[in-house]
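> got a sequence here, can you build the structure:
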Amino acid sequence: MNQKKTLPEPLSIVMPVCNEADVLEGVIEEWVEQVFKFLPEGSEFLIDEAASTDGTRQILERLGRKYPFLKTEFHPMKEGFGVATKRLYARAKNPLIFFTDSDGQYVASEFWRLAPHAGSYAVIHGAKIGRQDTFFRKAASAVFNRIARFVFDVHYSDINSAFRIVRREVVLELLPRLHCLPTLVNAEILLRAELENLPIKQVHVLHRKRRFGVSRGLAPHKFLGEAFRAYLGLLALKKEYRIA
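Okay, the predicted model is just below:
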């Protein structure tokens, strides 16, 4: 892709990490070489690590010495993806915040598909195409997306995607009110932005298979319970905005 690599303002890359030793170094190196080195002066790369037991912490400590701009907060307890996500959004200091996963399935260079829209939209939502996940994960995502589209009549796909640019002022406004979908924080940000008529751009991005390790997403035996909680959360969000 021959997209010119430029942004109008400094950016904070934020990334939650837990037990990703198999892929983490390659993921960080890819983001540094494909994205961070082209960002405006003052940009930052923030990581939230929680109680990894596979050597992830040691890798991050070493990479932090190699890349002084890589700032990791280490936490002794696993408090969940949602908590880590909120901590990262709160830490970010730049006008633009980019959220992504640490498992290596997102392609770093696809960031530049979102970048041209950063000056015009509150949220640039990177929706996966050709999703390379297990059947169960794809099915769980499809169910949530279908329910969310039904409840709110929105057109977005991959609503909980972990690949997006959000303006910091939007994050600061929404963060104290994110309570309806505690495990799906990015989905709630997107839905609240839509309900508050903020300008949103959806951009399709490539997704690839996980090379090593296993997904740490929703376990199959928790699917029904989490699906029901997500449905109740969507209804609570709808009620909050008094949507008929």
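> I'd like the average pLDDT over stretch 124-136.
The pLDDT scores in stretch 124-136 average 77.
> now do the end-to-end distance for stretch 73-82.
Start to finish, the residues bounding stretch 73-82 are 16 Å apart (C-alpha to C-alpha, to the nearest Å).
> leaving out chain neighbours, which residue sits closest to the residue most central in space within the chain?
Centroid check for the chain by C-alpha atoms, centre = their mean gives Ala162 as the closest residue, at 2.6 Å. Spatial nearest neighbour of Ala162, chain neighbours left out: Asp101 (4.5 Å); criterion: C-beta to C-beta, 6 or more residues apart in numbering. C-beta coordinates here come from the backbone N, C-alpha and C atoms, glycine included.
> you'd agree the one you found is up against Val17?
No: distance between Asp101 and Val17: 9.0 Å, which falls outside the contact criterion (C-beta atoms under 8 Å).
> between these two, point out the one with more neighbours.
Comparing Asp101 with Val17 by other C-beta atoms under 10 Å, the one with more neighbours is Val17, at 24 against 18.
> quick one, strands of this protein?
Here the chain has its strands, by DSSP state E, at 11-17, 44-50, 70-75, 96-100, 123-129, 163-167, 200-206.
> which stretches of the protein have low pLDDT?
Within the chain, the segments meeting pLDDT under 70 span 1-4, 131-139, 211-223, 244.
> around the closest residue to Ser157 other than its chain neighbours, how many other residues sit close by?
Computed as C-beta to C-beta, 6+ apart, the closest residue to Ser157 that is not its neighbour in sequence is Ala127, at 4.7 Å. By other C-beta under 10 Å, 19 other residues sit near Ala127.
> and His75, by the same measure?
15.
> just give me the neighbour total for the closest residue to it other than its chain neighbours.
Leaving aside its sequence neighbours, His75 sits nearest to Ala50 (C-beta to C-beta, 6+ apart; 4.6 Å). Neighbour count of Ala50, defined by other C-beta under 10 Å: 22.
> ditto for Asn197
Around Asn197 there are 8 other residues, counting by other C-beta under 10 Å.
> from Ile147, how far out is it?
Going from Asn197 to Ile147 by C-beta to C-beta, to the nearest Å gives 22 Å.
> one more: Phe69?
Counting by C-beta to C-beta, the gap from Phe69 to Ile147 is 40 Å.
> so where do the helices sit in the chain?
For the chain, applying DSSP state H gives helices covering 24-34, 56-66, 81-91, 111-114, 135-152, 168-174, 185-195, 223-240.
> for Ala140, see how far away the closest residue to Gly119 other than its chain neighbours is.
Leaving out its chain neighbours, the residue that sits closest to Gly119 by C-beta to C-beta, 6+ apart is Pro8, at 4.5 Å. Between Pro8 and Ala140 the computed distance is 36 Å (C-beta to C-beta).
> more neighbours: which of these two?
More crowded of Pro8 and Ala140, by other C-beta under 10 Å: Ala140, with 20 against 13.
> please give me every residue in contact with the residue lying closest to Arg91 once chain neighbours are set aside.
Distances taken as C-beta to C-beta, 6+ apart place Leu46 nearest to Arg91, at 5.4 Å, with adjacent residues excluded. Contacts of Leu46 were listed using C-beta atoms under 8 Å, 6 or more residues apart in numbering, and they are Ser12, Ile13, Val14, Met15, Lys71, Thr72, Glu73, Leu88, Arg91, Ala92.
> next: Pro95.
For Pro95, the residues meeting the contact criterion (C-beta under 8 Å, 6+ apart) are Glu9, Pro10, Leu11, Arg167, Arg168, Glu169.
> isn't the first one right next to Ser43, touching?
No: the pair Glu9 / Ser43 is not scored as a contact, 9.1 Å apart, by C-beta under 8 Å.
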